[in-house]
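Enquirer: below: sequence and its predicted model.
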Amino acid sequence: MRSLLANTLLVIALVLSGLAQAGDQADAEVQYLLEFVAASGCTFERNGSEHSSPDAADHLRLKYRRGGRYVNSAEQFIDRLASESSWTGKLYTVTCGETTQPSGEWLHQALSDYREQEPK
């Protein structure tokens, strides 16, 4: 009986450790995306108003602080918090140079590029 309890506790500890590491990885990726937005120099539109990249990053940081409990991955951050207004449902867009696109598409590409550069 004691061996079963010890094994069960070990499995629980390993699962919790894995979840913590996954959470750390997701947070690191979200932090990268927030810095990417801030440094991009692009113009962001939300609800009909244009915002600088540092202002857009600050807005997304606020949304992440308030809604981060609903985010378990960088993809969920993008899809649930960084793609559209939670009040109006309007998509956010980003304009870099002459190109305007939905912020979700832009951020998913940035995340993909980031992951490709990460050491394996």
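Expert: Happy to help now that I have it.

Enquirer: these two touch, right, residue 29 and residue 114?
Expert: Yes. Using C-beta atoms under 8 Å, residue 29 makes contact with residue 114 at a distance of 6.9 Å. C-beta here means a position set from N, CA and C on the backbone, and glycine is covered the same way.

Enquirer: residue 38 is in contact with residue 60, isn't it?
Expert: No. In this structure, residue 38 is not within contact of residue 60 by C-beta under 8 Å, at 9.1 Å.

Enquirer: between the two, which one's more packed in?
Expert: Neighbour comparison, residue 38 and residue 60: the larger count goes to residue 60, with 24 against 17 (by other C-beta atoms under 10 Å).

Enquirer: ok, now which ones touch the more buried one?
Expert: Listed by C-beta atoms under 8 Å, 6 or more residues apart in numbering, the contact partners of residue 60 are 33, 34, 37, 81, 82.

Enquirer: tell me the pLDDT at it?
Expert: Residue 60 is assigned a predicted lDDT (pLDDT) of 97.

Enquirer: swap in the one 5 residues further on?
Expert: Model confidence at residue 65, expressed as pLDDT, equals 96.

Enquirer: and if you look at the one 4 residues further on?
Expert: On the pLDDT scale, residue 69 is placed at 92.

Enquirer: got it, and the one 10 residues further on?
Expert: At residue 79, the predicted lDDT confidence score is 97.

Enquirer: isn't it up against residue 102?
Expert: No. Residue 79 is beyond contact range of residue 102, at 11.2 Å (criterion: C-beta under 8 Å).

Enquirer: against which helices or strands is the helix or strand harbouring residue 107 packed?
Expert: Using DSSP states H and E, the element containing residue 107 is helix 103-117. Here helix 103-117 touches helix 2-39, helix 74-76, strand 93-96, going by 3 or more C-beta pairs under 8 Å, 6 or more residues apart in numbering; DSSP states H and E.

Enquirer: residue 24 versus residue 97, what's the distance?
Expert: Distance from residue 97 to residue 24, counting by C-beta to C-beta, to the nearest Å: 34 Å.
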